[in-house]
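Trainee: My questions concern the predicted model and sequence given below.
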Amino acid sequence: MRLRSGGAALALLMSAALLVSVAPVAAEQPVLGLPIDCILGQTCYIEDYVDAQPGPGQTDYTCGLKSRNDHRGTDIALLSFEAMEAGVNVLAAAPGIVAATRDGVPDRMLTDANRADIEGRECGNAVRIDHGNGWQTLYCHLKRDSLTVQTGDAVMPGDILGEVGLSGQTNYPHVHIGVLQDGEMIDPFNPQATETCGAGGDTLWRDTPDYTRSGLFTAGFSSAVPSFEDVQSGAARMALSAPDEPLVLYGHAFYPEQGDVLTLTVFGPEGEIFDHSEVIRTSQAQNFRAYGRRAPSGGWPSGPYRGSVKMERRGAVIAIRHADIIVD
């Protein structure tokens with residue numbers, strides 16, 4: 001089934017006392033390495049940045065769309081749940097002393113049914129490192145029972161802290177790194193808290209990761225070709241489907257550029273349903289692609305189905321969104 005296209009908070013700190021406003025940095029700040037053992041654009045990508053906008057709404061440090069309301073860190077995501085299961089290390093970004101750890105939070109996707117279970121543990125399994133001079137880094141959503149350090153341990157850049165997991169308030173495998181100075185949140189991409197969008201000034205990174213404004217708003221399942229209005233509003237999204245209904249996966253992109261590739265993949269209880277790629281022909285502010293299959297004779301097997309939409313530019317992964325549906 002070929003489908004048409006159209007155009008058009010986490011509070012993740014380990015105590016409430018740390019949830020305070022952005023402040024400009026002082027001297028002797030840490031220099032940060034990547035806090036995860038992966039290659040950006042190949043085996044991982046940056047999903048979200050610090051929310052630079054106080055109050056309702058959100059914007060990243062470039063005044064772009066890649067943040068969430070009150071998001072207080074940088075999210076670096078894996079490409080798949082299978083990569084998480086195979087094991088990807090979370091690394092100390094700078095030298096310091098382990099100030100606190102937490103383990104024992106299960107790895108599972110956040111749902112309305114389990115949201116209350118993680119209240120006060122939104123960061124999931126975590127490590128907090130003290131770098132001196134009031135500086136700390138916080139690493140959230142580690143895999144349960146994967147932590148390799150304990151309070152009081154000295155760590156160096158690149159030392160393994162644990163593995164990327166799915167613990168706490170999250171629904172995709174990633175590590176959230178938060179940076180604090182004297183208890184106040186710092187954006188490592190804009191440590192001076194300048195108000196100029198994309199100022200291009202000093203950062204806290206040893207090698208500052210590249211930024212692209214493009215990404216994916218969402219992915220979802222539907223049973224027919226959705227209208228762009230229903231994709232935008234969320235009305236197209238389905239969580240349950242009957243065995244005789246078509247399975248349609250869609251992805252909603254922002255600022256896609258000519259030549260970008262969107263790949264839509266769905267797996268079910270018996271394996272891959274489809275793996276379909278399309279090239280974006282025209283640069284637009286918004287766009288969506290969708291692809292699906294009619295039910296086979298006898299209907300789809302009952303059970304969970306997972307879809308993923310991947311956005312690539314010149315072979316580098318920009319974004320991935322996942323969607324789930326139950327056939328019953």
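Mentor: It's in. Numbering: from 1, shown residues only.

Trainee: what sits against Met84?
Mentor: Met84 makes contact with 78, 107, 143, 163-166, 173, according to CB atoms under 8 Å, 6 or more residues apart in numbering. Using the backbone N, CA and C atoms, a C-beta is placed for each residue, glycine as well.

Trainee: Give me the pLDDT for the residue nearest to the spatial centre of the chain.
Mentor: Here the mean C-alpha position of the chain is nearest to the C-alpha of Glu47 (CA atoms, centre = their mean), at a distance of 4.1 Å. Per-residue confidence at Glu47 stands at 96 (pLDDT).

Trainee: which regions of the stretch 101-250 of the chain lie under the pLDDT threshold?
Mentor: Applying pLDDT under 70 to the stretch 101-250 of the chain flags the ranges 198-200.

Trainee: what are the ranges of the helices in it?
Mentor: 228-233 (DSSP state H, counting those that start in this stretch).

Trainee: how's this protein carved up into domains?
Mentor: As recorded under automatic domain parsing, the domains making up the chain are 9-186, 215-327.

Trainee: Redo the ones you listed as a markdown table? Include distance to Gln192.
Mentor: Putting these into a markdown table (distance: least, CB to CB, whole Å) gives the following:
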| stretch | distance to Gln192 |
| --- | --- |
| domain 9-186 | 5 |
| domain 215-327 | 25 |
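
Trainee: bridging residues for Ile325?
Mentor: When bridges are taken as DSSP bridges, the partners of Ile325 come out as Tyr305.

Trainee: cool, and Ile160?
Mentor: Checking Ile160 by DSSP bridges, which sets the bridge assignment, gives partners Leu91.

Trainee: gap between it and Ala86?
Mentor: Taking CB to CB, to the nearest Å as the criterion, Ile160 is separated from Ala86 by 15 Å.

Trainee: which one of the two has more residues nearby?
Mentor: The neighbour count for Ile160 versus Ala86, taken as other CB atoms under 10 Å, is higher for Ile160 (15 against 10).

Trainee: which residues does the closest residue in space to Lys143 that isn't next to it in sequence contact?
Mentor: Taking CB to CB, 6 or more residues apart in numbering as the measure, Lys143 lies nearest to Gly165, with 3.1 Å between them; neighbours along the chain are not counted. Taking CB under 8 Å, 6+ apart as the criterion, Gly165 is in contact with 84, 107, 124-125, 141-144, 146, 173.

Trainee: cool, Val175 as well?
Mentor: With CB under 8 Å, 6+ apart as the criterion, the residues that contact Val175 are 35-36, 75-76, 90, 139-142, 164.

Trainee: Now, of those, which are buried?
Mentor: Under a neighbour-count criterion of 16 or more other CB atoms under 10 Å, the subset of these counted as buried comprises 35-36, 75-76, 90, 139-142, 164.

Trainee: So which of those are in strands?
Mentor: Per DSSP state E, strands hold the following members of these: 75-76, 90, 139-142.

Trainee: Just give me the closest of the residues you listed to Ala285.
Mentor: Nearest to Ala285, judged by CB to CB, of those is Asp75 at 23.4 Å.

Trainee: Tell me, how many residues neighbour the closest residue to Ala316 other than its chain neighbours?
Mentor: For Ala316, ignoring the flanking residues on the chain, the nearest one in space by CB to CB, 6+ apart is Gly41 at 3.5 Å. The tally of other residues near Gly41 (other CB under 10 Å) stands at 18.

Trainee: wait, isn't Gly41 in contact with Ile320?
Mentor: No: counting by CB atoms under 8 Å, Gly41 stays clear of Ile320, with 11.8 Å between them.
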